[in-house]
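*Asks:* Provide a 3D model corresponding to the input given below.
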Amino acid sequence: DVQLQASGGGLVQAGGSLRLSCAASGFTFDDYAVGWFRQAPGKEREVISCISSSYGMTHYADSVKGRFTISSDNAKNTVFLQMNSLKPEDTAIYYCAPTRLSSCAELVGAHWGQGTQVTVSS
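*Replies:* Sure thing, here's the model as predicted:
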């Protein structure tokens, strides 16, 4: 059973940092890539970053490029998202989900989990 659990969110001031973790089970990073998505109030869910260890690929949305860094610990089946220079517009619920190995921004299924809230105050 594919499951992913995002954690590490919280309340931070603008300019601060947070590190999110995504613990995956039921698959390995040879089966799927992992993407980070976020959904702000009143907005659609969007992919912001993804990593495909098998293809040596990472992807960042323009809105987070240069501020966020995605990485993975394959031995622990965990993906991280280091978020620096946070802005109020980064406020959202952050989710991780399995994505395609060859196109890591493309969602596979709908294995969302609970997500983790990130709130950035101005």
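*Asks:* Residue 53 and residue 24, how far apart?
*Replies:* Look at residue 53 and residue 24: by CB to CB, to the nearest Å, they are 11 Å apart. (Glycine included, C-beta is placed from N, CA and C.)
*Asks:* and the residue lying closest to residue 77 once chain neighbours are set aside, what is it in contact with?
*Replies:* Nearest residue to residue 77 in three dimensions, chain neighbours excluded: residue 24, at 4.7 Å (CB to CB, 6 or more residues apart in numbering). Contact partners of residue 24, counting by CB atoms under 8 Å, 6 or more residues apart in numbering, are 2-4, 34, 77-79, 96, 98.
*Asks:* Mind checking which of these are in strands?
*Replies:* 3-4, 34, 78-79, 96, 98 (DSSP state E).
*Asks:* quick one: which of the residues you listed is nearest residue 11?
*Replies:* Nearest to residue 11 among the ones in strands among the contacts of residue 24 is residue 96, at 20.1 Å by CB to CB.
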